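# Give me a 3D structure for the following:
(one chain, ligands or ions: 1)
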Amino acid sequence: MIKIVILGAGNIAQHIYNVFQAAEMLNVVQVYNRSKKALSYFSDVPTTTSLKNLAEADIYIIAVADDAITSIANKLPFTDRLVAHTSGSVHMHELHKKNRRGVFYPLQTFTKGVHVDFSGIPICLESGEKADFKTLKSIADAIGSNSYKISSEQRRALHVSAVFVNNFSNHLYRIAHEICETNNVPFEILSPLIQETADKINTLTPYMAQTGPAKRGDQKTIDSHLEKLDKDIHKEIYTLLTQSIAKTYGR
Ligand SMILES: NC(=O)c1ccc[n+]([C@@H]2O[C@H](COP(=O)([O-])OP(=O)(O)OC[C@H]3O[C@@H](n4cnc5c(N)ncnc54)[C@H](OP(=O)(O)O)[C@@H]3O)[C@@H](O)[C@H]2O)c1
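Residues are numbered from 1 along each chain as shown. I've put the predicted structure just below:
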(Lines give C-alpha, C1' and ligand atoms only; values in the text may rest on other atoms or scores of the structure.)
Protein backbone atom coordinates (compact mmCIF):
# COMPACT_ATOMS: atom_id res chain seq x y z
CA MET A 1 0.00 0.00 0.00
CA ILE A 2 1.44 3.40 -1.01
CA LYS A 3 0.55 6.19 1.42
CA ILE A 4 0.01 9.53 -0.29
CA VAL A 5 -0.43 13.11 0.94
CA ILE A 6 -1.90 15.49 -1.65
CA LEU A 7 -1.02 19.20 -1.36
CA GLY A 8 -3.63 21.32 -3.13
CA ALA A 9 -7.39 21.10 -3.47
CA GLY A 10 -8.09 22.22 -7.04
CA ASN A 11 -8.85 20.42 -10.31
CA ILE A 12 -5.96 17.99 -10.32
CA ALA A 13 -6.04 17.37 -6.57
CA GLN A 14 -9.71 16.37 -6.74
CA HIS A 15 -9.26 14.11 -9.76
CA ILE A 16 -6.18 12.28 -8.45
CA TYR A 17 -7.78 11.98 -5.02
CA ASN A 18 -10.81 10.19 -6.50
CA VAL A 19 -8.81 7.83 -8.69
CA PHE A 20 -6.22 7.08 -5.96
CA GLN A 21 -8.92 6.27 -3.40
CA ALA A 22 -10.54 3.88 -5.86
CA ALA A 23 -7.25 1.99 -6.36
CA GLU A 24 -6.58 -0.91 -4.00
CA MET A 25 -2.84 -0.30 -3.70
CA LEU A 26 -3.09 3.41 -2.94
CA ASN A 27 -4.18 5.26 0.17
CA VAL A 28 -4.54 9.04 0.40
CA VAL A 29 -3.82 9.66 4.08
CA GLN A 30 -4.26 13.44 4.07
CA VAL A 31 -5.01 16.48 1.90
CA TYR A 32 -3.41 19.88 2.57
CA ASN A 33 -4.57 23.22 1.22
CA ARG A 34 -3.65 26.79 2.19
CA SER A 35 -7.31 27.71 2.60
CA LYS A 36 -10.05 25.70 4.29
CA LYS A 37 -12.92 26.20 1.84
CA ALA A 38 -11.83 23.83 -0.93
CA LEU A 39 -10.92 21.12 1.60
CA SER A 40 -14.63 20.42 2.24
CA TYR A 41 -14.56 18.34 -1.00
CA PHE A 42 -12.31 15.75 0.70
CA SER A 43 -14.86 14.67 3.28
CA ASP A 44 -13.62 11.14 4.00
CA VAL A 45 -9.93 11.84 4.62
CA PRO A 46 -8.08 13.97 7.21
CA THR A 47 -7.28 17.48 5.96
CA THR A 48 -5.06 20.31 7.15
CA THR A 49 -4.24 23.93 6.33
CA SER A 50 -0.91 23.74 8.17
CA LEU A 51 2.25 22.39 6.55
CA LYS A 52 3.55 21.72 10.06
CA ASN A 53 0.82 19.10 10.56
CA LEU A 54 1.55 17.00 7.48
CA ALA A 55 1.13 13.26 8.03
CA GLU A 56 3.77 10.57 7.38
CA ALA A 57 3.54 9.25 3.82
CA ASP A 58 5.53 7.50 1.08
CA ILE A 59 4.98 10.40 -1.30
CA TYR A 60 3.84 14.05 -1.13
CA ILE A 61 2.19 15.17 -4.37
CA ILE A 62 2.12 18.95 -4.81
CA ALA A 63 -0.85 19.82 -7.03
CA VAL A 64 -1.02 23.61 -6.68
CA ALA A 65 -0.72 26.52 -9.14
CA ASP A 66 2.64 26.38 -10.98
CA ASP A 67 3.89 29.60 -9.36
CA ALA A 68 3.25 28.24 -5.84
CA ILE A 69 5.04 24.87 -6.22
CA THR A 70 8.53 26.07 -5.25
CA SER A 71 7.42 28.04 -2.22
CA ILE A 72 5.40 25.09 -0.85
CA ALA A 73 8.29 22.68 -1.47
CA ASN A 74 10.66 25.08 0.32
CA LYS A 75 8.36 25.24 3.34
CA LEU A 76 7.98 21.48 3.85
CA PRO A 77 9.09 20.76 7.43
CA PHE A 78 10.94 17.49 6.64
CA THR A 79 13.86 16.16 4.58
CA ASP A 80 14.68 13.06 2.50
CA ARG A 81 11.08 12.21 1.63
CA LEU A 82 9.70 11.79 -1.90
CA VAL A 83 8.06 15.03 -3.08
CA ALA A 84 6.57 15.25 -6.59
CA HIS A 85 4.65 17.92 -8.48
CA THR A 86 2.02 17.54 -11.21
CA SER A 87 2.99 20.38 -13.54
CA GLY A 88 3.80 20.22 -17.23
CA SER A 89 6.05 23.27 -17.19
CA VAL A 90 7.88 23.38 -13.85
CA HIS A 91 11.40 21.85 -13.80
CA MET A 92 11.88 19.05 -11.26
CA HIS A 93 14.76 21.03 -9.76
CA GLU A 94 12.36 23.78 -8.72
CA LEU A 95 11.47 21.41 -5.89
CA HIS A 96 13.84 21.90 -2.93
CA LYS A 97 16.72 19.41 -2.87
CA LYS A 98 16.31 18.79 0.87
CA ASN A 99 13.78 16.15 -0.26
CA ARG A 100 13.91 13.44 -2.96
CA ARG A 101 12.33 14.97 -6.04
CA GLY A 102 9.91 13.70 -8.63
CA VAL A 103 7.26 14.60 -11.21
CA PHE A 104 3.86 13.00 -11.77
CA TYR A 105 2.37 14.93 -14.70
CA PRO A 106 -0.90 13.65 -16.18
CA LEU A 107 -1.06 14.90 -19.76
CA GLN A 108 -4.75 15.64 -20.03
CA THR A 109 -7.07 18.60 -19.52
CA PHE A 110 -8.97 18.45 -16.21
CA THR A 111 -11.99 20.44 -15.09
CA LYS A 112 -13.66 20.19 -11.70
CA GLY A 113 -16.75 17.96 -11.81
CA VAL A 114 -16.02 16.58 -15.30
CA HIS A 115 -15.20 12.85 -15.04
CA VAL A 116 -11.89 11.78 -16.61
CA ASP A 117 -11.00 8.14 -17.23
CA PHE A 118 -7.38 7.77 -16.09
CA SER A 119 -6.97 4.46 -17.89
CA GLY A 120 -6.34 6.26 -21.17
CA ILE A 121 -4.18 9.05 -19.78
CA PRO A 122 -0.42 9.28 -20.28
CA ILE A 123 1.45 10.16 -17.09
CA CYS A 124 4.92 11.70 -17.51
CA LEU A 125 7.22 10.55 -14.73
CA GLU A 126 10.61 11.81 -13.59
CA SER A 127 12.63 11.24 -10.46
CA GLY A 128 16.04 12.01 -9.04
CA GLU A 129 16.50 8.48 -7.69
CA LYS A 130 15.77 5.11 -9.34
CA ALA A 131 13.83 3.68 -6.38
CA ASP A 132 11.52 6.69 -6.42
CA PHE A 133 10.77 6.13 -10.10
CA LYS A 134 9.43 2.71 -9.11
CA THR A 135 7.06 4.34 -6.60
CA LEU A 136 5.83 6.84 -9.20
CA LYS A 137 5.35 4.06 -11.77
CA SER A 138 3.50 1.90 -9.24
CA ILE A 139 1.05 4.75 -8.67
CA ALA A 140 0.52 5.24 -12.42
CA ASP A 141 0.08 1.45 -12.86
CA ALA A 142 -2.37 1.26 -9.95
CA ILE A 143 -4.72 3.72 -11.67
CA GLY A 144 -4.35 2.01 -15.06
CA SER A 145 -2.54 4.89 -16.76
CA ASN A 146 0.25 4.62 -19.33
CA SER A 147 3.44 6.02 -17.85
CA TYR A 148 6.41 7.49 -19.69
CA LYS A 149 9.89 8.39 -18.40
CA ILE A 150 10.19 12.02 -19.48
CA SER A 151 12.90 14.53 -18.48
CA SER A 152 12.06 18.10 -17.45
CA GLU A 153 13.26 19.43 -20.84
CA GLN A 154 11.21 16.83 -22.73
CA ARG A 155 8.21 17.68 -20.54
CA ARG A 156 8.58 21.36 -21.42
CA ALA A 157 8.53 20.41 -25.12
CA LEU A 158 5.47 18.22 -24.57
CA HIS A 159 3.74 20.99 -22.66
CA VAL A 160 4.24 23.56 -25.43
CA SER A 161 3.08 20.92 -27.96
CA ALA A 162 0.00 20.37 -25.81
CA VAL A 163 -0.76 24.10 -25.97
CA PHE A 164 -0.77 23.85 -29.77
CA VAL A 165 -2.98 20.74 -29.99
CA ASN A 166 -5.36 21.64 -27.18
CA ASN A 167 -5.47 25.34 -26.26
CA PHE A 168 -4.80 26.73 -29.74
CA SER A 169 -7.04 24.31 -31.62
CA ASN A 170 -9.82 24.99 -29.11
CA HIS A 171 -9.35 28.72 -29.68
CA LEU A 172 -9.66 28.12 -33.41
CA TYR A 173 -12.99 26.33 -32.70
CA ARG A 174 -13.98 29.45 -30.75
CA ILE A 175 -13.19 31.69 -33.73
CA ALA A 176 -15.10 29.37 -36.08
CA HIS A 177 -18.03 29.43 -33.63
CA GLU A 178 -18.04 33.24 -33.71
CA ILE A 179 -17.88 33.33 -37.53
CA CYS A 180 -20.79 30.87 -37.75
CA GLU A 181 -22.89 32.90 -35.31
CA THR A 182 -22.20 36.15 -37.16
CA ASN A 183 -23.30 34.50 -40.42
CA ASN A 184 -26.28 32.71 -38.91
CA VAL A 185 -25.15 29.13 -39.60
CA PRO A 186 -25.18 26.39 -36.91
CA PHE A 187 -21.66 25.60 -35.62
CA GLU A 188 -22.75 21.97 -35.14
CA ILE A 189 -22.57 21.43 -38.93
CA LEU A 190 -18.77 21.50 -38.44
CA SER A 191 -18.81 18.77 -35.74
CA PRO A 192 -18.20 15.74 -38.04
CA LEU A 193 -15.29 17.64 -39.64
CA ILE A 194 -13.77 18.36 -36.21
CA GLN A 195 -14.15 14.69 -35.26
CA GLU A 196 -12.69 13.39 -38.52
CA THR A 197 -9.71 15.78 -38.26
CA ALA A 198 -8.89 14.42 -34.79
CA ASP A 199 -9.51 10.79 -35.80
CA LYS A 200 -7.25 10.99 -38.86
CA ILE A 201 -4.22 11.57 -36.64
CA ASN A 202 -4.58 7.98 -35.38
CA THR A 203 -3.66 6.64 -38.82
CA LEU A 204 -1.75 9.44 -40.59
CA THR A 205 1.00 11.87 -39.58
CA PRO A 206 -0.19 15.51 -39.32
CA TYR A 207 1.99 16.21 -42.38
CA MET A 208 0.11 13.62 -44.45
CA ALA A 209 -3.30 14.59 -43.08
CA GLN A 210 -3.16 18.27 -44.09
CA THR A 211 -5.64 19.51 -46.72
CA GLY A 212 -7.01 22.94 -47.68
CA PRO A 213 -6.32 26.02 -49.80
CA ALA A 214 -2.98 26.89 -48.11
CA LYS A 215 -1.55 23.45 -48.90
CA ARG A 216 -2.88 23.53 -52.48
CA GLY A 217 -1.81 27.15 -53.02
CA ASP A 218 -5.33 28.26 -54.02
CA GLN A 219 -4.69 32.01 -53.76
CA LYS A 220 -8.17 33.05 -55.02
CA THR A 221 -9.84 31.08 -52.20
CA ILE A 222 -7.41 32.47 -49.63
CA ASP A 223 -8.14 36.06 -50.78
CA SER A 224 -11.88 35.43 -50.65
CA HIS A 225 -11.61 34.05 -47.08
CA LEU A 226 -9.60 37.07 -45.96
CA GLU A 227 -12.22 39.35 -47.49
CA LYS A 228 -14.98 37.50 -45.64
CA LEU A 229 -13.34 37.86 -42.20
CA ASP A 230 -14.52 40.93 -40.24
CA LYS A 231 -11.94 41.13 -37.47
CA ASP A 232 -8.31 42.14 -38.00
CA ILE A 233 -7.10 39.59 -35.42
CA HIS A 234 -8.87 36.78 -37.33
CA LYS A 235 -7.29 37.97 -40.60
CA GLU A 236 -3.86 37.97 -38.89
CA ILE A 237 -4.30 34.44 -37.50
CA TYR A 238 -5.56 33.19 -40.89
CA THR A 239 -2.61 34.78 -42.70
CA LEU A 240 0.01 33.47 -40.27
CA LEU A 241 -1.32 29.90 -40.32
CA THR A 242 -1.67 30.02 -44.11
CA GLN A 243 1.97 31.13 -44.40
CA SER A 244 3.09 28.35 -42.04
CA ILE A 245 1.20 25.68 -44.01
CA ALA A 246 2.43 27.05 -47.38
CA LYS A 247 6.04 26.99 -46.13
CA THR A 248 5.65 23.43 -44.83
CA TYR A 249 4.57 22.26 -48.30
CA GLY A 250 7.20 24.33 -50.18
CA ARG A 251 4.82 26.92 -51.69
N1 LIG B 1 -6.03 21.43 -14.81
C2 LIG B 1 -5.37 20.72 -15.69
O3 LIG B 1 -5.91 20.38 -16.73
C4 LIG B 1 -3.95 20.26 -15.39
C5 LIG B 1 -3.43 19.19 -16.15
C6 LIG B 1 -2.15 18.71 -15.85
C7 LIG B 1 -1.40 19.32 -14.86
N8 LIG B 1 -1.92 20.38 -14.15
C9 LIG B 1 -1.06 20.97 -13.10
O10 LIG B 1 -1.60 20.67 -11.82
C11 LIG B 1 -1.33 21.74 -10.91
C12 LIG B 1 -2.62 22.22 -10.29
O13 LIG B 1 -3.48 22.71 -11.32
P14 LIG B 1 -5.06 22.80 -11.10
O15 LIG B 1 -5.67 22.89 -12.46
O16 LIG B 1 -5.51 21.74 -10.17
O17 LIG B 1 -5.18 24.24 -10.40
P18 LIG B 1 -6.44 24.87 -9.65
O19 LIG B 1 -7.66 24.07 -9.85
O20 LIG B 1 -6.44 26.32 -10.04
O21 LIG B 1 -6.03 24.76 -8.10
C22 LIG B 1 -4.97 25.54 -7.64
C23 LIG B 1 -4.55 25.04 -6.26
O24 LIG B 1 -3.35 25.76 -5.93
C25 LIG B 1 -3.55 26.44 -4.71
N26 LIG B 1 -2.80 27.69 -4.77
C27 LIG B 1 -2.87 28.65 -5.72
N28 LIG B 1 -2.00 29.65 -5.44
C29 LIG B 1 -1.36 29.29 -4.29
C30 LIG B 1 -0.36 29.91 -3.49
N31 LIG B 1 0.17 31.09 -3.81
N32 LIG B 1 0.06 29.26 -2.38
C33 LIG B 1 -0.47 28.06 -2.02
N34 LIG B 1 -1.42 27.41 -2.74
C35 LIG B 1 -1.87 28.04 -3.87
C36 LIG B 1 -5.04 26.67 -4.62
O37 LIG B 1 -5.39 26.89 -3.27
P38 LIG B 1 -6.77 27.69 -2.87
O39 LIG B 1 -7.88 26.67 -2.94
O40 LIG B 1 -6.50 28.15 -1.48
O41 LIG B 1 -6.92 28.81 -3.87
C42 LIG B 1 -5.57 25.34 -5.16
O43 LIG B 1 -5.47 24.32 -4.19
C44 LIG B 1 -0.58 22.81 -11.71
O45 LIG B 1 0.80 22.62 -11.54
C46 LIG B 1 -0.98 22.49 -13.15
O47 LIG B 1 0.01 22.90 -14.08
C48 LIG B 1 -3.18 20.85 -14.39
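# how does the protein divide up, domain by domain?
The chain resolves into domains spanning 2-150, 155-248 when parsed by automatic domain parsing.
# Among those domains, which comes closest to the ligand?
The minimum distance between the ligand and those falls on domain 2-150, with 2.0 Å, by C-beta to the nearest ligand atom. No exception for glycine: its C-beta is placed from N, CA and C like everyone else's.
# what about the closest one and the ligand, touching?
Yes - applying C-beta under 6 Å from any ligand atom, one finds domain 2-150 touching the ligand at 8-13, 33-35, 38, 63-66, 68, 72, 86-88, 105-106, 109-110.
# burial of residue 72, as a residue count?
A count of nearby residues for residue 72, using other C-beta atoms under 10 Å, gives 21.
# Check residue 235 too.
Quick note: residue 235 (other C-beta under 10 Å) scores 15 neighbours.
# so how far is residue 7 from it?
45 Å (C-beta to C-beta, to the nearest Å).
# And residue 24, by the same measure?
Distance from residue 24 to residue 7, by C-beta to C-beta: 23 Å.
# Compare neighbour counts for the two and give me the winner.
residue 7 (26 against 7).
# What are the boundaries of the strands in the stretch 101-250 of the chain?
For the stretch 101-250 of the chain, the strands defined by DSSP state E, counting those that start in this stretch cover 122-127, 146-149.
# Mind putting these into a markdown table with mean pLDDT?
Output for the strands of the stretch 101-250 of the chain, formatted as a markdown table (pLDDT from 0 to 100):
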| stretch | mean pLDDT |
| --- | --- |
| strand 122-127 | 98 |
| strand 146-149 | 96 |
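# quick one, which of these is packed in tightest?
strand 122-127 (a mean of 22; mean count of other C-beta atoms under 10 Å).
# With adjacent residues omitted, what lies nearest to residue 44?
Nearest non-adjacent residue to residue 44, counting by C-beta to C-beta, 6 or more residues apart in numbering: residue 21, 7.9 Å away.
# That neighbour belongs to a helix, doesn't it?
Yes - counting by DSSP: H, G, I helix; E, B strand; the rest coil, residue 21 is found in a helix.
# Any idea how many residues pack against it?
14.
# who's in contact with it?
27, 28, 44, 45 (C-beta atoms under 8 Å, 6 or more residues apart in numbering).
# Among these, name the ones in strands.
27, 28 (DSSP state E).
# And the contacts of residue 21, which is the shakiest by pLDDT?
The member of the contacts of residue 21 with the lowest pLDDT is residue 44, at 91.
# so how many other residues sit close to that residue?
7.
# mind checking how far it is from residue 12?
19 Å.
# Same check on residue 70?
Taking C-beta to C-beta, one finds residue 70 at 17 Å from residue 12.
# if you count what's nearby, which of these two comes out ahead?
Shown here are residue 70 and residue 12; by other C-beta under 10 Å, residue 12 has more neighbours (23 against 17).
# ok, and the closest non-adjacent residue to that one?
Nearest residue to residue 12 in three dimensions, chain neighbours excluded: residue 63, at 4.3 Å (C-beta to C-beta, 6+ apart).
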